[in-house]
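Q: the following comprises the amino acid sequence and a computationally predicted model.
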Amino acid sequence: MAVNLKHFLALGAVVLTTAALAWAGSDTQPKAKGAPQPVISKAVKGEQCVEPTEYMRRNHMVVLDGHRDKAVIEGIRTKKYSLKECINCHASEKTGSVAAAKDDFCISCHSYTSVKIDCFECHSTKPKGSIAMHPLNAETAHLKHKLAANTKTTVSAEEMAGVAQ
Amino acid sequence: MSELNQNAENAAASPERRRFIGAATATAAGLAIVPGVMLYEVAHGRAEDQAASSAVRWGMLVDATKCATGCDDCVTACNTENGLTPVAESAHPKQAPQWIRKLELQDPLTQMETNLPMMCQHCAEPPCVDVCPTGASFKRADGLVLVNRHTCIGCRYCMMACPYKARSLVHESLNDTQKPDVPRGIGCVESCTFCVQKIDRGDGTTACVEACTASGHNALIFGDMNDPESEISKKLRELPTKQVRADLNLNLGVRYHGI
Amino acid sequence: MASITFREVEGSSPKYWMLFGALGLFVLFGALAWNTMHHYGHVVTGMDNQIVWGLPHVFAVFLIVAASGALNVASIASVFNKPMYKPLAPLSAILSLALMLGGLLVLVLDLGRSDRLIVAMTHFNFKSMFTWNVFLYSGFFGLVGIYLWTMLDRSVKTYSKAAGTAAFIWRLILTTGTGSLFGFLIARELYGTAMLAPMFIIMSFAYGLAIYLMVLAAAYAWTGRTLGDAVMMRLKSLLVVFVAAVLYFVVVQHLTNLYFAKYHAVEAFILRDGGIFTSLFWIGHIALGCVAPLAILLSRLGKQRSWIMVACAFVILGGLAQMYVTIIGAQAFPLDMFPGLNEKSSFFDGEVHSYVPSVPEIFLGLGGVAIALLVTTFAVKVLRLLPASLDDETVAKLEH
């Protein structure tokens, strides 16, 4: 059986290889019930994302994709949908990053849903300068106490399942 | 959907940028038809929602007669600006990316020595763009030859094709040491971008040029070669310059004086 | 015309499974090698920013070139109507598919971002020879696959000649494309010539046939089937012509370069001062890969089967040496940006670049070879590719 499978793979050529590669590269996380729920920290800065939370949970990759092509190929570097701006607001206060620790904004959900993030092979996970130094910080400093009271919300598994779909 | 469009209008912008956009849009209608000076002005400080324009061609003039022996301020500035590990500190010097390097030339017959920085020449007819299978290697409208790391598969065919050895593969993980403005990463090919992040910010210059000027050598001039009034265009009219491997007829964005 | 009985190889002996296991082991090593390279990046290879294509490319290009050459035997049968080659055609087709698969796997698994292979299948730049090759390789699988089908299925047998002709034309274009991967590069002295396309075609004839002969002889010897001298001698003569043609092309290429002052330095490097590359060129490519096989095959030794096998092995080794010199040797010689001046920099300008392949690269390359052989080994077990007998009498009947 194992032998047959090996041959099937070999003969299946490029298409199967692609699938295998994609699979091999992905992070596998336990999906069993009782697995740690994703922790979604509230953005350190700003009160409202560029789109409603529900929309962003499902479509952040789409808008990021569109923005990145415009930015790289045409040089249109608007702030809205810019990954840099995501990081500016969502970098964790503790690590100063969106993907350094397992509870950080991007990693938390992505490891829960077992979706590999390819952004941070190349992009910095941290805002420009330290988080305290960020120019936008002054404007949102008054929100700090609010955030401290409610930094973390857990998301139900059902909600995440919806997002994953 | 209409909500989305509304949000697009509300995109946040810094106050300075806002003022600039205002000034730029005020002249926008005229700019579309009037070439020359006005076009050049908008190019040097493009609004952030405006695409790079082919009315501009960024270029660099290297005056090798002013380039000092032993000085590598341009290389250091490039490393700092773009977040590259200096080759001297790299554990794998042969695999370390170098975007700009100091080249020492010597004529074996006359012993005459020449110093110059070598980097991506931002060809108008770039061989790296021709050979790239996915189109990741591309030339932007304003003449910058760049790598789209989202579609680069790391085949290194562009490195085989470049006559200037301008490109490097990132051989190992950078472990989040990248600059937020300069994404770069393992398995992708990269090269000098003429500090595209600075250009798009409206600086109108590059880190190496700034460093060379700061050091007092003034061997590098950067600017819009399409604008006859720019410093670089004026200098190019005065000084005899050459393109490296001019025989290949690639129409380079970097011109050298004194080689 | 007498009919020929094709029969599967039984493939139940311990020897078969040992061969199978050994090849499987090398495939496994290849997979581990890829995993290492993918995990750590190309820092674990001997490749660097000077030698950007290394041993994996030597193996990949060799296998791809040999793949199109291995189809030759089938082409002679269907395109040129030589009935004696008809029974040899199915093995020729499957071997070419298997070699192509092995070569392509090595090529794509060496990518800096091999996890992004899908990008290469969805984003195309049609000015790139690489893009053209993506289509040429895919088309090759399709056309040779159809051709093989027309050979194995009686109901579509009438289309065999058409399919064979299409596959033949395609493989010529394909190898033109492979040679042009290098031929279309302006940067390096040893590339950038139309010579590379026809040279690669003739090399494919030689390497592909050498591999075919070895696989054929091994298959018949190990299964106890009869392989008559008529077949061996005919294929041997063909190999002589191909190897001589390779030698001719190489001589013409270097003689032409030697006439141009601008190529003197790089020719001196390859032919005289290049150390390992010079050795590989003269000893590997010329002596072992061309002169020795010609001497063996044209002398009385060429009548003995074991010596024919030795000659084939030499052609294959010589072919690998040639690819090493063509691919790595050309990069080892520094780019001449300022002709006539000495160059020095932190980026190793003006220096001859050294290259030592690392263990993962070696096993990745060997893994490709192993995949090709493993696929062939398996295919002859499940498909009726090999005639039950190729003794002289059976073969002689075909001629009439």
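A: Nice, I can see it.

Q: elements contacting the longest helix anywhere in chain A?
A: The helix spanning the most residues in chain A, taking DSSP state H as the definition, is helix A:53-69. With contacts taken as 3 or more Cβ pairs under 8 Å, 6 or more residues apart in numbering or on different chains; DSSP states H and E, helix A:53-69 sits against helix A:83-90, helix A:157-164. No exception for glycine: its C-beta is placed from N, CA and C like everyone else's.

Q: what's the pLDDT at B:Leu252?
A: Among the per-residue scores, B:Leu252 shows a pLDDT of 97.

Q: how far away is it from C:Leu294?
A: If you measure B:Leu252 against C:Leu294 using Cβ to Cβ, to the nearest Å, the figure is 48 Å.

Q: is chain A contacted by stretch B:134-149?
A: Yes: residues of stretch B:134-149 are located near chain A by Cβ under 8 Å from any Cβ of the partner chain, namely B:138, B:140-142, B:146, B:148-149.

Q: measure that stretch end to end?
A: 11 Å (Cα to Cα, to the nearest Å).

Q: hang on, the earlier thing: which of the helices and strands packed on helix A:53-69 has the lowest mean pLDDT?
A: helix A:157-164 (a mean of 55).

Q: for C:Lys15, give its distance to chain B.
A: Note on C:Lys15: its distance to chain B, by Cβ to the nearest Cβ, to the nearest Å, is 40 Å.

Q: all strands of chain A, in order?
A: Using DSSP state E, the strands found in chain A span residues A:39-41, A:152-154.

Q: residue 71: what's it in contact with?
A: The chain I'm using is chain A. A:77, A:82 (Cβ atoms under 8 Å, 6 or more residues apart in numbering or on different chains).

Q: let's do chain C instead
A: C:Leu71 makes contacts with C:92-93, C:96, C:144, C:167-168, C:171, C:208, as judged by Cβ under 8 Å, 6+ apart.

Q: give me the number of residues near C:Asn125?
A: By the criterion of other Cβ atoms under 10 Å in any protein chain shown, C:Asn125 has 19 neighbours.

Q: I'd say it and B:Pro126 touch.
A: No: C:Asn125 is not in contact with B:Pro126 according to Cβ atoms under 8 Å; the separation is 12.0 Å.

Q: circling back to that earlier point, top of the contacts of C:Leu71 by neighbour count?
A: In terms of neighbours by other Cβ under 10 Å, these top out with C:Ser96 at 33 neighbours.

Q: any idea how far it is from C:Val61?
A: 15 Å.

Q: partners of C:Phe6 in the sheet?
A: Beta-bridge partners recorded for C:Phe6 (DSSP bridges): C:Pro387.

Q: what residue in chain B comes nearest to chain C?
A: Relative to chain C, the nearest point of chain B is B:Gly154 (1.8 Å; Cβ to the nearest Cβ).

Q: quick one: that residue is in a strand?
A: No: read with DSSP: H, G, I helix; E, B strand; the rest coil, B:Gly154 is coil and lies in no strand.

Q: count of neighbours near the closest residue to it other than its chain neighbours?
A: Closest residue in space to B:Gly154, ignoring its immediate chain neighbours: C:Gly112 at 1.8 Å, by Cβ to Cβ, 6 or more residues apart in numbering or on different chains. If you count neighbours by other Cβ under 10 Å, C:Gly112 ends up with 24.

Q: go ahead and confirm C:Gly112 touches B:Gly185.
A: No: contact criterion Cβ under 8 Å: C:Gly112 and B:Gly185 do not qualify, at 9.8 Å.

Q: which residues do those two both contact?
A: In terms of Cβ under 8 Å, 6+ apart, C:Gly112 and B:Gly185 are both contacted by the residues B:Val170.

Q: what's the pLDDT at the residue most central in space within chain B?
A: Nearest to the geometric centre of chain B sits B:Phe194, at 1.3 Å (Cα atoms, centre = their mean). We note a pLDDT of 98 for B:Phe194 in this prediction.

Q: correct me, but it touches B:Leu144?
A: Yes: judged on Cβ under 8 Å, B:Phe194 makes contact with B:Leu144 at a distance of 5.3 Å.

Q: common neighbours of these two, please.
A: Joint contacts of B:Phe194 and B:Leu144 (Cβ under 8 Å, 6+ apart) are B:58, B:122.

Q: measure the residue of the stretch 151-300 of chain C found nearest chain A to chain B for me?
A: Here the stretch 151-300 of chain C gets closest to chain A at one residue, C:Leu152, 15.0 Å apart by Cβ to the nearest Cβ. The gap separating C:Leu152 from chain B is 34 Å, by Cβ to the nearest Cβ.
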